[in-house]
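In: Quick one, structure for this:
(chains A and B)
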Amino acid sequence: MKAEIQTFKNVIRETAIYRSNTVASFLVILVPILFLLVFWNSAFDTVESIGGYSRNQLFAYYLLVVFLQDVLLIRVNYEISGDVRSGRLSSYLLRPFGYIRHCFSVFMAVSSNALLYTGFIVIPILALMSPEFFRLTPALCIGALSLLLASLISFCFGSCFGCISFWFEDISSLQTGLGIFVPILSGAFLPMSFFPGWLKGLLEVLPFRYSLSFPVEVLSGRIDTFASLNGLIIQVFWVIVGAILLMFTWSKGKRVYTAYGS
Amino acid sequence: MPVIFAEGISKSYRRHKRQAGIKGLVKDFFRREYETIPAVRDISFQVNKGDFIGYLGPNGAGKTTTLKLLSGILLPDSGSVKVLDEEPFQRKREFLRKIGFVMGSKSQLWWDLPAIDTFRLMQDIYDIPESDYLSRLSSLAEILNVVNLLEIPVRKLSLGERMKLETICSILHFPDIVFLDEPTIGLDLVSQEAIRQFLKWYNKEHGATILLTSHYIRDIEELCERVILINHGRITFDGTQKDLHTIYSNYVLIDIENSRGEISLEQAEKQIQIGNTCRYLIKKIDLPAVTARLDSMGSESRNLRELSFEEVLKIKMQDEG
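Out: Presented below is the predicted three-dimensional model:
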């Protein structure tokens, strides 16, 4: 565990070196959300609720999405793909510290960092708008657990995707596609209740929702305790599937690794 | 006692054949062709504990691939490899703790952090006790004269300074076997010498086995008693520096200036054009006949000498595998 902690510390130190850039990057993510808030504010001028959300509920949803999407939708796939393509992976393979463990430590550090920086902006706004979020309720406890499971889903599937680089020289177009579709399907742009019935039904069982929208819905009290617990079971299922898939792609991938460029 | 056994190992890479021109591009898109490049072909050798071996060959000869196979980065297509009684590709924890790899063209250090932060990580990865870590780091840093560089971000260091720290990073856990892939590449003479002295010290002090690839003859001359030459993926020579010299002790080189190879010497075993000079490799026994022929042709501006170690290596490296 010591190596994981030291990797975590190194990532935090590294981020701290470029603090102005880090702060700027987190401020930048606020721009689209501000546009969304302005847009939805206008939409609520004529109606009381949209897709089952009141103005405050929808604002809270988006603030939580902003808060959590940089934690949950970390691009671990870029990291792995880059290491495989450049041959940097070789130096990790030579250490008695598994590469996936290294990636997970980096993932946790980047997530914590994102939580810290984004939270610094989002939490005060959320506290002003919806103070009920910060009461210790079952929803908050289940939400915290679902957040952890969501990050594991994101890590496992993101890592599997990065492992595709073992077989294909350039997956940048696939990465771009992933960067567009995953946020849409995981509810970063619109809550699940806005989707057409057939897609909503499909997303109920696919992993996307459980990597972002589900913990947001639990934390914002949109779903009851029974549905939350049910969702947690589906999350555990996807974590197991993702972990098995990751173990499989990683063990197959390192056999065909050619260590080009090193 | 042998610590490395390589028996008939081969490794090939599959490479996409790109075709030239727009037509080729279109054809390539719909019907991609691949070629198999043999990087290492049926090579066998053994290395004893404490040996310092120079593994040499031209670019693309298969040197780095061999080191990757021995360290477990790559899985051989055929043949068997045993390093410290383990199959390297299994990458067992205990095995990885006993090897170190310095890659001259790849950094292991965290680019934006001081080297000390990477060293701390290495301490945790290899479970080095605090007192050992501190004493090792201080002695290694002193030998390589980098004590005052430990807390400077790596990106602000010169290539030579960085390479010294890379070397420490790979050796901090005191491995039994060290693979060095061109550790002195691009370094100035002073830094090259510092790295050489350090490696010599590490080999002697710790009885470590070292396999070194380098394009600098001084590295090989100074450090490696045994030399393995590889070309086109095959071993062309495996013996001591002395053996290598002996092979060519019966030869001389004749350089003929202002010649484009128009003088044909049937006794020459090799003929190489270097700029305006044509170089011939001649057996000493044939020298009288060659001299007589050159005299008869009126060729006066010629230079005759014994082969230096560098020239022996160059000639041997050109041998087909």
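In: same question for the longest helix along chain B, mean pLDDT?
Out: Ranked by residue count under DSSP state H, the longest helix found in chain B is helix B:189-206. Throughout helix B:189-206, pLDDT has a mean value of 86.
In: Stretch B:75-94 too?
Out: Rounded mean pLDDT across stretch B:75-94 is 91.
In: what do you get for stretch A:238-246?
Out: On average, stretch A:238-246 scores 96.
In: Give me the distance between that stretch and the centre of its chain.
Out: Taking C-alpha atoms, centre = their mean, to the nearest Å, one finds stretch A:238-246 lying 16 Å from the centre of the chain it belongs to.
In: Contacts for it next, please.
Out: A:Ile100, A:Leu149, A:Leu152, A:Ile153, A:Phe155, A:Cys156, A:Phe157, A:Ser159, A:Cys160, A:Cys163, A:Pro207, A:Tyr210 (C-beta atoms under 8 Å, 6 or more residues apart in numbering or on different chains). The C-beta positions use only the backbone N, C-alpha and C, and glycine is treated the same way.
In: rewinding a little: are there helices or strands packed against the helix or strand following the longest helix of chain B, and which ones?
Out: Where DSSP states H and E defines the elements, the next helix or strand beyond helix B:189-206 is strand B:209-213. If contacts are counted by 3 or more C-beta pairs under 8 Å, 6 or more residues apart in numbering or on different chains; DSSP states H and E, strand B:209-213 sits against strand B:2-17, strand B:33-48, strand B:52-56, helix B:63-71, strand B:177-181, helix B:189-206, helix B:217-223.
In: in the longest one, what's buried?
Out: Counting neighbours by 16 or more other C-beta atoms under 10 Å in any protein chain shown, one finds that the buried residues in helix B:189-206 are B:Ser191, B:Gln192, B:Ala194, B:Ile195, B:Arg196, B:Phe198, B:Leu199, B:Tyr202, B:Asn203.
In: how close does the second one get to B:Asp28?
Out: Using C-beta to C-beta, to the nearest Å, B:Gln192 is found at 43 Å from B:Asp28.
In: ditto for the fifth one
Out: Using C-beta to C-beta, B:Arg196 is found at 46 Å from B:Asp28.
In: Let's have the buried residues of helix B:189-206 in a markdown table, adding distance to B:Ala39.
Out: Converted to a markdown table, the buried residues of helix B:189-206 look like this (distance: C-beta to C-beta, whole Å):
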| residue | distance to B:Ala39 |
| --- | --- |
| B:Ser191 | 30 |
| B:Gln192 | 27 |
| B:Ala194 | 32 |
| B:Ile195 | 26 |
| B:Arg196 | 28 |
| B:Phe198 | 30 |
| B:Leu199 | 26 |
| B:Tyr202 | 29 |
| B:Asn203 | 27 |
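In: B:Val47: which of those residues is nearest?
Out: Here the nearest of these to B:Val47, counting by C-beta to C-beta, is B:Asn203; it sits at 12.6 Å.
In: Tell me who's in contact with the closest one.
Out: Per C-beta under 8 Å, 6+ apart, neighbours of B:Asn203: B:Gly50, B:Phe52, B:Ile210, B:Leu223.
In: which residues touch the first one?
Out: This points to B:Gly50. With C-beta under 8 Å, 6+ apart, B:Gly50 has these contacts: B:Asn203, B:Gly207, B:Ala208, B:Thr209.
In: Please indicate which of those residues are buried?
Out: B:Asn203, B:Ala208, B:Thr209.
In: Pull the contacting residues for the residue sitting nearest the centre point of chain A.
Out: Nearest to the geometric centre of chain A sits A:Leu72, at 1.5 Å (C-alpha atoms, centre = their mean). In this structure, A:Leu72 makes contact with A:Ser111, A:Leu147, A:Ala150, A:Ser151, A:Ser154, A:Ser186, A:Ser211, A:Leu212, A:Pro215, judged by C-beta under 8 Å, 6+ apart.
In: and the two most separated of the residues you listed?
Out: The distance between the two most remote of the contacts of A:Leu72 (C-beta to C-beta) is 15.4 Å, for A:Ser111 and A:Ser186.
In: Have a look at those two and say which one is more surrounded.
Out: Using other C-beta atoms under 10 Å in any protein chain shown, the more surrounded residue of A:Ser111 and A:Ser186 is A:Ser186, with 27 against 20.
In: count of residues packed around the closest residue to A:Tyr78 other than its chain neighbours?
Out: Sequence neighbours aside, A:Gln175 is the residue nearest to A:Tyr78 in space, at 6.4 Å (criterion: C-beta to C-beta, 6 or more residues apart in numbering or on different chains). A:Gln175 has 18 neighbouring residues, counting by other C-beta under 10 Å.
In: Which positions in stretch A:2-13 come out as buried?
Out: A:Ala3, A:Glu4, A:Gln6, A:Thr7, A:Phe8, A:Lys9, A:Asn10, A:Val11.
In: Turn the residues you listed into JSON lines, columns for secondary structure and pLDDT.
Out: Formatted as JSON lines, these follow (DSSP: H, G, I helix; E, B strand; the rest coil; pLDDT from 0 to 100):
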{"residue": "A:Ala3", "secondary structure": "helix", "pLDDT": "88"}
{"residue": "A:Glu4", "secondary structure": "helix", "pLDDT": "90"}
{"residue": "A:Gln6", "secondary structure": "helix", "pLDDT": "91"}
{"residue": "A:Thr7", "secondary structure": "helix", "pLDDT": "92"}
{"residue": "A:Phe8", "secondary structure": "helix", "pLDDT": "92"}
{"residue": "A:Lys9", "secondary structure": "helix", "pLDDT": "91"}
{"residue": "A:Asn10", "secondary structure": "helix", "pLDDT": "91"}
{"residue": "A:Val11", "secondary structure": "helix", "pLDDT": "90"}
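In: isn't A:Val218 right next to A:Ser146, touching?
Out: Yes: taking contacts as C-beta atoms under 8 Å, A:Val218 lies within contact range of A:Ser146: 5.1 Å.
In: if you count what's nearby, which of the two comes out ahead?
Out: A:Val218 (28 against 23).
In: Can you name the residues that contact that one?
Out: A:Ala139, A:Ile142, A:Gly143, A:Ser146, A:Ser228, A:Gly231.
In: which one among those residues gets closest to chain B?
Out: A:Ser146 (31.4 Å; C-beta to the nearest C-beta).
In: Torsion angles phi and psi at the closest one?
Out: Torsion angles at A:Ser146 (phi, psi; degrees, to the nearest 10) stand at phi -70, psi -30.
In: So which bits of chain B are right by chain A?
Out: Within chain B, the positions adjacent to chain A are B:13, B:16, B:64, B:68, B:71-75, B:91, B:93-94, B:96-97, B:99-101, B:103, B:105-106, B:108, B:110, B:112-113, B:117-118, B:120-121, B:123-127, B:153 by C-beta under 8 Å from any C-beta of the partner chain.
In: how about 6 Å then?
Out: Counting by C-beta under 6 Å from any C-beta of the partner chain, the residues of chain B lying close to chain A are B:13, B:68, B:73, B:75, B:93, B:96-97, B:101, B:103, B:106, B:108, B:110, B:112-113, B:117, B:120-121, B:124-125.
In: Quick check: pLDDT value at the most centrally placed residue in chain B.
Out: For chain B, the residue sitting closest to the mean C-alpha position, by C-alpha atoms, centre = their mean, is B:Thr213 at 1.5 Å. pLDDT for B:Thr213: 89.
In: thinking it is in contact with B:Lys63, fair?
Out: Yes: using C-beta atoms under 6 Å, B:Thr213 makes contact with B:Lys63 at a distance of 4.4 Å.
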